[in-house]
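J.: Pasting a predicted model and its sequence here:
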Amino acid sequence: MAICEHLSQAGDPPAKTPDGCEECLAEGGRWVHLRRCLECGHVGCCDSSPAKHATAHFHGTSHAVVQSFEPGENWRWCFVDSQMG
């Protein structure tokens, strides 16, 4: 399977909130794992987290690709094509 267009064109913006999920930090919430949007740098929590802010960010913005924001991980995920890169 060829890599999707979104993954091949993803950027590498700096994390807006390098200390954690932007919304959880503001609301006093908690997260399990973090994901960084490769279009704008938003850091959101994963779908194993109570609030699922990374997926909510995709639905609110249509920013297609996130990258794991966990130490030692560099995989990327395209929400549009459900493809890992």
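T.: The structure has been received and is ready for your questions.
J.: next structured bit after the longest helix seen in the chain?
T.: In the chain, assigned by DSSP state H, the helix with the most residues is helix 53-61. Helices and strands here follow DSSP states H and E; after helix 53-61, the next one along the chain is strand 65-68.
J.: C-terminal to that next one, what's the next element?
T.: Strand 65-68 is succeeded, C-terminally, by strand 76-78 (DSSP H and E).
J.: chain center to that following strand: distance?
T.: Remark: strand 76-78 is offset 8 Å from the chain centroid, using C-alpha atoms, centre = their mean, to the nearest Å.
J.: what does stretch 65-74 give?
T.: Using C-alpha atoms, centre = their mean, the offset of stretch 65-74 from its chain centre is 8 Å.
J.: again, but for stretch 39-57
T.: On C-alpha atoms, centre = their mean, the centre of stretch 39-57 falls 6 Å from the chain's centre.
J.: contact partners of that stretch?
T.: 10-11, 13-18, 20-24, 27, 29-37, 61, 63-66, 69, 79 (C-beta atoms under 8 Å, 6 or more residues apart in numbering). Every residue, glycine included, has its C-beta placed from N, CA and C.
J.: coming back round to it: need the mean per-residue confidence for the longest helix of the chain.
T.: The pLDDT scores in helix 53-61 average 98.
J.: Tell me, what's the model's pLDDT at Phe69?
T.: The per-residue confidence score, pLDDT, reads 98 for Phe69.
J.: just checking, it touches Arg35?
T.: Yes: with contact defined as C-beta atoms under 8 Å, Phe69 reaches Arg35; the gap is 5.8 Å.
J.: that older thread, just the contacts of stretch 39-57: which are in strands?
T.: Leu34, Arg35, Arg36, Cys37, Val65, Val66 (DSSP state E).
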